[in-house]
Every structure is written in structure tokens, then in C-alpha cells.
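Trainee: Would you be able to build a 3D model of this:
(2 chains)
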Amino acid sequence: MDREIFYQSASVLDNLLDSGKLTSVELTKAVIERTKSIDGKLHAFISFDEEKTLNEAVQSDMRRKAGKKLSNLDGVPVGIKDLISERGQPLTCGSKILGGYISPYDATVIERMRSAGCVLWGRLNMDEFAMGSSNENSYYGKVANPWDISRVPGGSSGGSAAAVASGETILALGSDTGGSIRQPAAFCGIVGLKPTYGAVSRYGLVAFASSLDQIGPMGRSIEDVATLFHVISGHDDKDSSSYLVDKTNHSIESVKNKRIKTIGIPSEYFGEGLDPEIRQVIEDAINFYKNAGHMIKEVSLTMTEYTMAVYYVIATAEASSNLARFDGVRYGYRSENAKDAIDLYYKTRGEGFGSEVKRRIMLGTYVLSNENFESYYLRAQKVRTLIRNDFMEALENVDLLITPVTPSPAFKIGEKSADPLQMYLSDIYTISINLAGLCALSLPCGLSSNGLPIGLQVIGKPFHEHEVLSLGYEFEQAHDFKNMHPTI
Amino acid sequence: MKDKSFDHSVHIENIAMLARIHLTNQERQGLAKSLDEILGYFDKLRMVNVEGVEPSAHVFQLYNILRGDEVGTSFDAKTALQNAPKQRNNQVIVPKVVE
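Mentor: Numbers count the residues shown, from 1 in each chain, chains lettered A, B, ... in the order given. Alright, predicted model coming up:
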């Protein structure tokens, strides 16, 4: 084999596991050893249970041996962002307030991965309650970018991205409320899919902003990500916002099938603030598609300027409501310093939440308060309608959109942590997709002059994941970014 | 752009009370500054003409999706309480709430 086993794609591993040249136990041990040797530098994992994980690998080997594999991912390690419930395992959300919490049940995505035979490998680090774009907001330590450990891996699924990029796992689950899968995927040079709102069940996902949150797959190739998406997507009775999705559209064959498409380029996404190197790399990608026979058409998304403000009003409002459940009564951290019941709430939340979470709860509480509800929250919901209309109009004339994922490559640890507004603006190209309820893919499309990965965003119509994956696959096949790995 | 000026100290106290979050003096000062900056940024929303626009609470037309009225499994008390910070006899212990 010409490559370390922990850098192989899931599809190659499936063949090796089928042929008996490799066992899931060997594969799982390889990622565990890899993690033990480098995670001291990366801090991508908050916790892992080696014995449990290896036991799942043993079970998988028995199934493969008996010719009863459950799916092409049977025996393949998948890391879990630490906000998705896995029965019997800790779940911290990167917060002190959930220290010691053990999930009493499986999220639907976990149940589905069990049914597919996946080896559930470890609890991945994240910004506290998924609030952040740099993974500097975790109570359990900052995550480093494997391409340059003085830089951030992005966030909030920074642990997931760093672990996939460095071979600490084969695949991972992340969640995306405003870019939390795509931005870290771009910063770490991997593939990340933000499925359409409703495509993947959120049952068992700790809620941040319920009208925006989605779970999605992260991996090193489009095929791997498409395969995991196929496993986790589809209607779930336990999540009334999950849609009955036709899974046949997501078959790998359909993703590999090239179709000529009309691709829209929103001019507002190439304006001021975009790093010139990124602009160049994205323009090269657009030219690639043009030369491959696709139609390229400029489109306009006139509401772009307002997306950031709309997002931070709506997301913080929903968060302030969702996070009210952390009160020190039924689970999680409880302050020992409270003098009465009400004081218990104050002290528990004051001691248990980190500064960014407090800031967002405060913002959300403010915009929902009686005197501000109309001028902030209701107004933001109306502008959200206009943003969605904007995208729907653009997507009447084109099949997909292509944009950068981030305005700059991975920034230095500490560079933006003192300036929350600057930090928020690093999500400028990704947040509108959640507001509009579309699906979008981030895939590696180049390196900056100082060797940092750059991501390409492919945006599709609701429930057209197969189209964004297919367009991404075409680019991936013609380039070699999926075989580039950081030196760590 | 702002059509009213904020008295931050009052606001921070008031919001923290509504949000049930105890803040240190240092946190109060930091939040006063960053909230002012962020809320100032939000003010750009006032420039958008939203007359006659319906608000979106959700991205899709959502209909009630009901599951069958069937008895399912649920946690026993021990499992449901396994994460409670304090408990006794299958009940959560909290500070006294009535005088």
C-alpha cells in the first residue's frame, strides 16, 4: 500500500475489508494510534472510549467474515462532534455546563450509523454550543489546524475537520448552523456537506438555533461524504422538521454521473474583503467548469449585505431560548454557591457558560425582549424572507451557485478572538445558505502561497444534494487535492 | 443610524436578569462594549424596506407531520435521572422554592 491506512478513503477501505487484507480492528487501531501520537498537538478529541470502539470493530469483522456486512461503511471509523448523543458516552458540547453528562439515548444519526455498521470513534472538539468560527471557544481547549498548528481549524466543527484532515479518523459528523461544517472543512482542506434543512434528522442533536441547525458528513473525498450522507439522511418520526427524502437520488452512481449544468456566480460574493489568492483560485475553478462544458452565468443576490445581521439576530434569539434548559436542575453542572432556587439558575449559568455563549444568550434575550422584538427579531425574520426570495429567484435561472467558502484562509489562533464582530464576519459566505434553507458543499480547490487550504462552495436547491456532490466530484476527479495531506 | 441611545449599564443588568446569568463586573464591562458594537451593526436592518413582507420563522412551508399514536418505549426513572446533579428516591433535589 502506497499510503498510510488512516489516509485511505472509505471506498478503498471497503474493498480491503471485503478482501480480508484488512480487518476493522486493524483499521480502528491505526486511527487510535494515529490519534494518540498527534492529538497532543491538535486537541481534536474531547474524549474517546478505546475499548468500546474496538469492540464495535470486532463486531464488524465478525459480520464481514460471515458475509453479512451492513453497508460499505461497515467497520469504518466515524468521529462524532461532541453535541450528538451517543448512548453511554459523554456529551459536553464543548461546555463546562455539560461536564460529566452521559447520553442516555442515541441520536437518530447514531442509530443509522449503527445500522450501517460504522465504528463510532470518539467525541470531537468544538466551539462551546457550536458558537464560534475558530474552535477557540471550547472549555476543553483550543483545536489547532493540522496544516499549521499556530492557526485555527475553523469552527464550530473544528475538531471534526482537524481529525479528518490529519488521519485521526476516516470520516466525521459535524453540524452547521451558519457555516460550522463548511468553514472548518475549507480551513482544513477536506470535504464537508451542509445538507438541506430537513434532510437529516436532528433528534439527539443539542439545539443551538433550531430553524438553522443541520447535521452533516465530513470526509476527505466527495464519495466518502456522499456515502455517509446516504446513511444518515431521510425522514425520522422523531423530528417533525425532517422531510421524506428520496434516497435514490443520493446513490454514488448518481453523484458520479456528469450532467451539464448552468452555474450561477453571485457577484456580491466576490467583492471587497475577499482575499486575492482565494479570488484567483475560485476563478480558476469557475474556468475549469466552463471548459468542461457547463454554462456560467452571473447572478445577483442583492440582500447579501444584510445576511450577517439577520443571522446573528435570529440565531442568538433561538439560542437564548434553547439554552434556557441549562439551569442546573435536571442535568449537567450545578453551582454549589446558590442561596435559593432562582440564585441557582444565575450562578449555574454564570459559572457554567463561557464568554461567547453568554454574549449570544444576552444578544438573543435583548432582541426578543418586549421593547426590541419588533425592531430586531420580527424585522430580521422579514429580511430572512427577502434573502430566501433572492436565492430562489437566482436559482430559477441557474441550477447551482459557486462561491468562496471563506474570505481568507485559516487565521492565526488569537487573531480575531478579541473582536467578536470580525469573527462573525468570517462566516459571511456561508450563513445565507442556512437562512435560505439550501444545501451546500465545501471542497478543497487550492492552496494559498503559504500552504493553507482554500475551499470552494457549491450551493444547490433544496434537497438537491446529489447535484452539488456531482459538481464537486467532477472537480475532485480532475485535481489531486484529496490526496494532499498536512505534515504533522 | 441609531434612533435611540443605550444606557449600557442598565441594559446589561436588565438583560442578564432576563437571561438568568450571573455576570462579574469585568464581564459586564466587556459585554457592554461588544453588545453595543454588534447591536450597532444590526441597525443596518432598519434600512431594508420590509413593508408587506411576511416573516419567515422557517425555511419551508411546514405542515403538521404526525406520527402514529402508538405506545413506544420511554426511559425508566433511573435512566431519566442518571445525569441529575442531586437526587433522592427517584426525584431531583432542588433548593427550597416555597417559604
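Trainee: mind showing which ranges of chain B have poor pLDDT?
Mentor: For chain B, the stretches with pLDDT under 70 are B:1-10, B:61-64.
Trainee: how about the strands in it?
Mentor: Under the criterion DSSP state E, chain B contains strands at B:87-88, B:91-92.
Trainee: how about JSON lines for those, with mean neighbour count and distance to A:Arg64 added?
Mentor: C-betas here are computed from N, CA, C, even on glycine. Shown next, in JSON lines, are these (neighbours: other CB atoms under 10 Å in any protein chain shown; distance: least, CB to CB, whole Å):
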{"stretch": "strand B:87-88", "mean neighbour count": "12", "distance to A:Arg64": "43"}
{"stretch": "strand B:91-92", "mean neighbour count": "12", "distance to A:Arg64": "45"}
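Trainee: Out of these, which is closest to chain A?
Mentor: Within the strands of chain B, the stretch nearest chain A is strand B:91-92; the backing value is 6.0 Å (CB to the nearest CB).
Trainee: chain center to the closest one: distance?
Mentor: Mean-position distance between strand B:91-92 and its chain equals 25 Å (CA atoms, centre = their mean, to the nearest Å).
Trainee: Show residues contacting that strand.
Mentor: With CB atoms under 8 Å, 6 or more residues apart in numbering or on different chains as the test, strand B:91-92 has contacts from A:Val329, A:Arg330, B:Leu81, B:Ala84, B:Lys86.
Trainee: Which members of those occur in helices, if any?
Mentor: Judged by DSSP state H, the contacts of strand B:91-92 include no members of helices.
Trainee: Name only those of these that count as buried.
Mentor: A:Val329, A:Arg330, B:Leu81, B:Ala84 (16 or more other CB atoms under 10 Å in any protein chain shown).
Trainee: Which one of those is nearest to A:Glu298?
Mentor: For those, the residue nearest A:Glu298 by CB to CB is A:Arg330; the value is 53.1 Å.
Trainee: Would you confirm that that closest one contacts B:Lys86?
Mentor: No. In this structure A:Arg330 lies outside contact range of B:Lys86 using CB atoms under 8 Å: 10.4 Å.
Trainee: Do you know the pLDDT at the nearest residue in space to A:Tyr289 that is not next to it in sequence?
Mentor: Spatially, and ignoring its direct neighbours in sequence, A:Tyr289 is nearest to A:Ile263 (5.8 Å; CB to CB, 6 or more residues apart in numbering or on different chains). On the pLDDT scale, A:Ile263 is placed at 98.
Trainee: Helix, strand, or coil at A:Ile263?
Mentor: Classification of A:Ile263 by DSSP: H, G, I helix; E, B strand; the rest coil places it in strand.
Trainee: Show me what it bridges to in the sheet.
Mentor: Partner residues in beta bridges with A:Ile263, using DSSP bridges, are A:Ile296, A:Leu400.
Trainee: tally of neighbours for it?
Mentor: 20 (other CB atoms under 10 Å in any protein chain shown).
Trainee: sorry, back to before: any idea which of the buried ones among the contacts of strand B:91-92 is closest to A:Val458?
Mentor: A:Arg330 (42.0 Å).
Trainee: any idea of the pLDDT on that closest one?
Mentor: Confidence at A:Arg330, expressed as pLDDT, is 94.
Trainee: residues in contact with it?
Mentor: Taking CB under 8 Å, 6+ apart, one finds B:Asn83, B:Ala84, B:Val92 in contact with A:Arg330.
Trainee: circling back: give me every residue that touches the residue nearest to A:Tyr289.
Mentor: A:Ile286, A:Tyr289, A:His294, A:Met295, A:Ile296, A:Lys297, A:Val398, A:Asp399, A:Leu400, A:Leu401, A:Ile402, A:Leu471.
Trainee: Could you pull up the residues touching the fifth one?
Mentor: When you say that, I think you mean A:Ile296. A:Ile296 touches A:Thr262, A:Ile263, A:Ile265, A:Ile286, A:Tyr289, A:Lys290, counting by CB under 8 Å, 6+ apart.
Trainee: quick one, what contacts A:Ile342?
Mentor: Contacts of A:Ile342 were listed using CB under 8 Å, 6+ apart, and they are B:Arg20.
Trainee: if you set the cut-off to 6 Å instead, what comes out?
Mentor: Contact analysis of A:Ile342 by CB atoms under 6 Å, 6 or more residues apart in numbering or on different chains lists nothing.
Trainee: quick check, it in a helix?
Mentor: Yes. Looking at A:Ile342 with three-state DSSP, it is inside a helix.
Trainee: Check what pLDDT it gets.
Mentor: On pLDDT, A:Ile342 comes in at 93.
Trainee: next one: phi and psi at the residue of chain A positioned farthest from its centre?
Mentor: Farthest-out residue of chain A from its mean C-alpha position, per CA atoms, centre = their mean: A:Lys339, at 40.6 Å. Backbone torsions for A:Lys339, taken as degrees, to the nearest 10, come to phi -100, psi -20.
Trainee: Next, work out how far apart it and B:Glu27 are.
Mentor: As judged by CB to CB, to the nearest Å, A:Lys339 and B:Glu27 stand 20 Å apart.
Trainee: List the residues that contact A:Ala440.
Mentor: Applying CB under 6 Å, 6+ apart to A:Ala440 gives the contacts A:Lys194, A:Ile433, A:Gln457, A:Ile459.
Trainee: Show the buried residues in the residues you listed.
Mentor: A:Lys194, A:Ile433, A:Gln457, A:Ile459.
Trainee: now, which of those residues sits nearest A:Ile252?
Mentor: A:Lys194 (19.4 Å).
Trainee: The residue lying closest to that closest one once chain neighbours are set aside: neighbour count?
Mentor: Distance criterion CB to CB, 6+ apart; nearest residue to A:Lys194, sequence neighbours excluded, is A:Asp176 at 4.1 Å. For A:Asp176, the neighbour count with other CB under 10 Å is 30.
Trainee: So A:Asp176 is in contact with A:Asp213, correct?
Mentor: No. Taking contacts as CB atoms under 6 Å, A:Asp176 lies outside contact range of A:Asp213: 7.6 Å.
Trainee: what sits against residue 59?
Mentor: I'll assume chain A. If you count contacts by CB under 6 Å, 6+ apart, A:Gln59 has none.
Trainee: meant chain B, my bad for not saying
Mentor: Residues near B:Val59 by CB under 6 Å, 6+ apart: A:Tyr197, A:Gly437.
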